[in-house]
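J.: next come a sequence and a model predicted from it.
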Amino acid sequence: MQEAAEYNMKMHPMWQGPLAVPGGDRQSPIDIIVQRSIIDSELKPLVTEYDPHTCQQIWNNGYSFLVEYDDTTDKSTLKGGPLQDKFRLCQFHFHWGETNAWGSEHTVDRRLFPAELHLVHWNSDKYSLFEEAVMEDNGLAVIGVFLKVGKRHEGLQKLVDALPAIRHKDSVVEFTRFDPGCLLPSNIEDYWTYHGSLTTPPLTESVTWIILKQHIEVSHDQLAVFRSLLFTSAEEEVQKSMVNNFRVQQPLRGRTVRSSFT
Ligand SMILES: C[C@H](CNC(=O)c1ccc(S(N)(=O)=O)cc1)Cn1ccc2ccccc21
Ligand SMILES: [Zn+2]
């Protein structure tokens, strides 16, 4: 794992990004030390209302693949949990390793998962565009879901089947009627939450992170298709497999991680 992170530093300029934003004291990802998390009984259940008809496209942005939603109305939203406002879903994406031994960005008591799903939302009560919200400290809310290798995830298969069409960086295909709720585990009551940042440039410290305790299961073969994607565009001679697209863990800098469960 450490060698993968060091390899990342060398090979992918993007990951050479600043280890922490200069003066940044709320960077992500982090290791969640369970016994140090503070149980907060005020934390409410998460309320997700996702409309599959707002799903628009899937594309390879050269770091991960994103499924993008129409966020011009409040049709797919997240509220409750640690949040005071209503947040609009704009996209979801994943981070994964070259092997099942690592790949997640967050860890729980140093435990690594083969991949991690991020559902990205922005505060539509306070801001009118994602681009605005991304610069504000209460601008974004990202739900993190750990993936484990096990039985095949039926809901994920529609997405896996679309990946060969976006193998190269900057390729995009239409992708509709996908309910991101199908990627959530049955229990979304139990989560950890803390204030952090985007894990890729511009690394802005605008994210309320909500990391679910319960993971989802996907099959080895489904994860293998993630690894068949490429960081590189069709024109580049040397093709690089899209793997290990995770950031190294960042210092907690005195932050408290709260938990919604005992
Ligand atoms: C941030 C945006 C590109 N990045 C993201 O949207 C993003 C979302 C989630 C994560 S993660 N892995 O933390 O969930 C990481 C990156 C581009 N962009 C839009 C406006 C804007 C303004 C300045 C610079 C870049 C800008
Ligand atoms: Zn992410």
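T.: Arrived safely, thanks for sending. Ligands and ions are numbered 1, 2, ... in the order given.
J.: could you find the closest non-adjacent residue to residue 152?
T.: In space, residue 152 comes closest to residue 219 once its chain neighbours are excluded; the distance is 4.0 Å by CB to CB, 6 or more residues apart in numbering. Any C-beta I mention is one placed from the backbone N, CA and C, and that applies to glycine too.
J.: so what's that neighbour up against?
T.: 149, 150, 151, 152, 153 (CB atoms under 8 Å, 6 or more residues apart in numbering).
J.: and it, backbone torsions?
T.: The phi/psi pair for residue 219 (degrees, to the nearest 10) reads phi -80, psi 160.
J.: just the pLDDT for it.
T.: Turning to residue 219, the model gives it a pLDDT of 98.
J.: before we move on, what about the one 3 residues further on?
T.: The score at residue 222 is 98. That number is its pLDDT.
J.: residues contacting the closest residue to residue 247 other than its chain neighbours?
T.: Leaving aside its chain neighbours, residue 247 sits nearest to residue 199 (4.3 Å; criterion: CB to CB, 6+ apart). By CB under 8 Å, 6+ apart, the contact set of residue 199 is 28, 29, 95, 105, 246, 247.
J.: where does the protein have low pLDDT?
T.: Low-confidence segments of the chain, defined by pLDDT under 70: 1-23.
J.: show me which residues of it are close to ligand 1?
T.: 118, 120, 131, 134, 142, 198, 199, 200, 202 (CB under 6 Å from any ligand atom).
J.: quick one: the closest residue to residue 242 other than its chain neighbours and residue 98, what's the gap?
T.: Leaving aside its sequence neighbours, residue 242 sits nearest to residue 229 (CB to CB, 6+ apart; 4.0 Å). Per CB to CB, to the nearest Å, residue 229 is found 12 Å from residue 98.
J.: looking at those two now, which is surrounded by more residues?
T.: residue 229 (22 against 15; other CB atoms under 10 Å).
J.: check contacts around that one.
T.: Residue 229 neighbours (CB under 8 Å, 6+ apart): 60, 65, 163, 166, 167, 241, 242.
J.: how about the residue lying closest to the third one once chain neighbours are set aside, what does it touch?
T.: Leaving aside its chain neighbours, residue 163 sits nearest to residue 225 (5.3 Å; criterion: CB to CB, 6+ apart). Under the criterion of CB under 8 Å, 6+ apart, the contact partners of residue 225 comprise 160, 163, 164.
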